[in-house]
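Visitor: Just to be clear, the model below is a prediction. Sequence and coordinates:
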Amino acid sequence: EAQVTQNPRYLITVTGKKLTVTCSQNMNHEYMSWYRQDPGLGLRQIYYSMNVEVTDKGDVPEGYKVSRKEKRNFPLILESPSPNQTSLYFCASRGLGTVSYEQYFGPGTRLTVT
Amino acid sequence: ELKVEQNPLFLSMQEGKNYTIYCNYSTTSDRLYWYRQDPGKSLESLFVLLSNGAVKQEGRLMASLDTKARLSTLHITAAVHDLSATYFCAGGLGDSGYALNFGKGTSLLVTP
């Protein structure tokens, strides 16, 4: 089954404690990205990657890092989380040049930073 | 920058009625997406519209795209309770624009 998986699904942490949210896709997609969703703001892109070792900032990258060492994985790293990073995070992927341009979203990770 | 505006943001409608959600975007967009999100869930793809005049239908939902007016619509026909959800439109830009710019979403409640 084609899917994007994220772990953990729920996370409560304290300010300043480094954390990583993993994202993996099994569709051999080149493009992967991270979004955060906040009430009243819709979804905003944090970082994206066009392929292995190729990453770039989205609209709200401050406080986040990413890496793309393997095609299937695109972890999101919060080196020193702060309460304003409390949010619902989604990973997404799609193939390059796909006729349908379909983009697949993971199940989401709800993060609370206290 | 591509800006996407949806209206209304909240919509309460009776079962059996018809209604339209509007999605305006600020610059040329190569493609327009509609997603559904149930509370606490991920985004479910409904439609991807790729060209001017595109119309797609699935069940009680029909989406259309007018690139000249920079407008997409999601029309709901004879609403049922199961359609209660939040609906997002999103635009994608150009060759390098795999990123999606989302509207703020329309929260739809269908009541008996």
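Guide: Received the coordinates, thanks.

Visitor: right, is the longest strand along chain A up against chain B?
Guide: When chain A is parsed with DSSP state E, its longest strand is strand A:42-51. Yes. If you take C-beta under 8 Å from any C-beta of the partner chain as the test, strand A:42-51 does meet chain B, through A:G42, A:L43, A:R44, A:Q45, A:Y48, A:M50. C-beta: built from backbone N, CA, C; applies to glycine.

Visitor: among those, who's most crowded?
Guide: A:L43 (26 neighbours; other C-beta atoms under 10 Å in any protein chain shown).

Visitor: beta partners for that residue?
Guide: A:Q37 (DSSP bridges).

Visitor: thinking again about what came up before, could you dump the longest strand of chain A to CSV, C-alpha only?
Guide: Only the C-alpha atoms of strand A:42-51 are listed here, as CSV (Å, rounded to 0.1, in the frame of the first residue of the first chain):
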residue,chain,number,x,y,z
GLY,A,42,-4.2,26.6,7.3
LEU,A,43,-1.0,24.7,6.4
ARG,A,44,2.3,26.3,5.9
GLN,A,45,5.4,24.8,4.4
ILE,A,46,8.5,24.4,6.7
TYR,A,47,11.1,22.7,4.5
TYR,A,48,11.1,20.7,1.3
SER,A,49,13.5,18.4,-0.5
MET,A,50,13.6,17.8,-4.3
ASN,A,51,15.8,14.7,-3.9
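
Visitor: Outside of that strand itself, list whatever touches it.
Guide: Counting by C-beta atoms under 8 Å, 6 or more residues apart in numbering or on different chains, strand A:42-51 makes contact with A:30-38, A:55-61, A:64-66, A:68, A:71, A:74, A:76, A:89-90, A:96, B:43, B:88, B:90, B:98-100, B:102-105, all of which sit outside it.

Visitor: hang on, the earlier thing: which one among the residues of strand A:42-51 next to chain B gets closest to A:G108?
Guide: Distance to A:G108 across the residues of strand A:42-51 next to chain B (C-beta to C-beta) is lowest for A:L43, with 10.6 Å.
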